[in-house]
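Asker: Need coordinates for the following:
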Amino acid sequence: MQEWGFYSVKGLALGAGAAWLFYRSFFALILCIPFMVLTVRRGQKKMQSDRKERLARQFRDSLTSLASALSAGYSVENAVEEAKKEMISVYGREGMIVEELEFLNRKLRMNCPVEQAFADLAARSGLDEIRQLADVFAIAKRSGGDLVKILNRTAETLRSEARMKEEIRTIMAGKRLEQKIMSGMPAAMLLYVSIGNPGFTDPLYQGILGRTVMSGCLLVYGLAVFWGERIIGRTLEGES
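Answerer: Take a look at the predicted model:
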């Protein structure tokens, strides 16, 4: 709820800033509404992305525990229970992976095939890593391979992918900062001129022509910011 409140206030502030900077009119405060809606929607997507990434990181840790329990001779059901206990000690009972492992355990206790249980968990969580593990269980079950060795290899592969993704995110973090600075420069320049020499910009806030020009500037500015964010977002989606 705190995050929702933060994004709502952020959207309200952006809308109010745009209303003052481009129109200098209280009637233009209606711009707060679309700004707030768009900001909240972006915040919702970011929270979902952060949740999936946090769950993926915890899942990779649980996979190592699961492989260790299986190598010690536990059945799959008991190995999942042991992995859950270890994750509780690491992340606490409120940890996201603990809830998912409990869901998995309930499915297994209902005699659900292990590969189907993991497939259901993958659909529930939306993680490709869990879907890959479901495929691994299905292949190992059909071929009769060494499940522990396959799990360890899968865990190492997932960790390697995670390291590569983290390197890409580190690079993109710098690009995102550059994009934010470039997006803020036009507004900062207009604010500087408006405060330093208000008479210079007065014609832009008077009459139909001035309002039309500022509306066009706001539209082009908004599209430029949106396009920059979209490019960065698509790049990050592509690496995930």
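
Asker: Beyond the host helix or strand of A173, next helix or strand please.
Answerer: Taking DSSP states H and E as the definition, one finds A173 inside helix 147-196. Next in sequence after helix 147-196, counting helices and strands by DSSP H and E, comes helix 198-201.

Asker: buried stuff in that next one?
Answerer: When burial is assessed from 16 or more other C-beta atoms under 10 Å, helix 198-201 yields the following buried residues: T201. For the C-beta atoms, the positions are set from N, CA and C on the backbone; glycine is no exception.

Asker: Looking at this structure, which residue reaches furthest from the middle?
Answerer: Note on the chain: the largest separation between a C-alpha and the mean C-alpha position, by C-alpha atoms, centre = their mean, falls on G199 (44.3 Å).

Asker: tell me the secondary structure for the residue nearest the centre of the chain?
Answerer: Of all residues in the chain, the one closest to the mean position by C-alpha atoms, centre = their mean is S49, 1.8 Å from it. Taking DSSP: H, G, I helix; E, B strand; the rest coil as the rule, one finds S49 in the helix state.

Asker: ok, now K107?
Answerer: Judged by three-state DSSP, the three-state class of K107 is helix.

Asker: I'd like to check which residues are in contact with it.
Answerer: Contacts for K107 (C-beta atoms under 8 Å, 6 or more residues apart in numbering) come out as 116-117, 120-121.

Asker: So which of those residues belong to helices?
Answerer: Taking DSSP state H, the ones among those that sit in helices are 116-117, 120-121.

Asker: now these in CSV, with neighbour count and distance to E82?
Answerer: As requested, the ones in helices among the contacts of K107 are arranged in CSV below (neighbours: other C-beta atoms under 10 Å; distance: C-beta to C-beta, whole Å):
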residue, neighbour count, distance to E82
Q116, 14, 21
A117, 24, 16
D120, 16, 21
L121, 20, 17
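
Asker: can you tell me how far V9 sits from K46?
Answerer: Separation of V9 from K46 (C-beta to C-beta, to the nearest Å) stands at 15 Å.

Asker: How about E229?
Answerer: E229 sits 11 Å away from K46 when distances are taken as C-beta to C-beta.

Asker: now swap in N197 and tell me
Answerer: In this structure, N197 and K46 are 38 Å apart, going by C-beta to C-beta.

Asker: Kindly report the same for F137.
Answerer: Plainly put, F137 is 32 Å away from K46 if you go by C-beta to C-beta.

Asker: Please say which of those two ends up with more neighbours.
Answerer: More crowded of F137 and K46, by other C-beta atoms under 10 Å: F137, with 21 against 13.

Asker: Same question for the helix or strand where that one lies: list its buried residues.
Answerer: Per DSSP H and E: F137 is located in helix 128-143. Counting neighbours by 16+ other C-beta under 10 Å, one finds that the buried residues in helix 128-143 are 129-131, 133-134, 136-138, 140.

Asker: now, which of the residues you listed sits nearest K165?
Answerer: Nearest to K165 among the buried residues of helix 128-143 is E129, at 11.1 Å by C-beta to C-beta.

Asker: that older thread, show me what the helix holding F137 is packed against.
Answerer: If you count contacts as 3 or more C-beta pairs under 8 Å, 6 or more residues apart in numbering; DSSP states H and E, helix 128-143 packs onto helix 32-71, helix 114-125, helix 147-196.

Asker: Point out the most buried one among those.
Answerer: With neighbours taken as mean count of other C-beta atoms under 10 Å, the helices and strands packed on helix 128-143 reach their highest mean count in helix 114-125, at a mean of 18.

Asker: now for it, which elements pack on it?
Answerer: By contact count (3+ C-beta pairs under 8 Å, 6+ apart), the secondary structure elements abutting helix 114-125 are helix 32-71, helix 96-109, helix 128-143.
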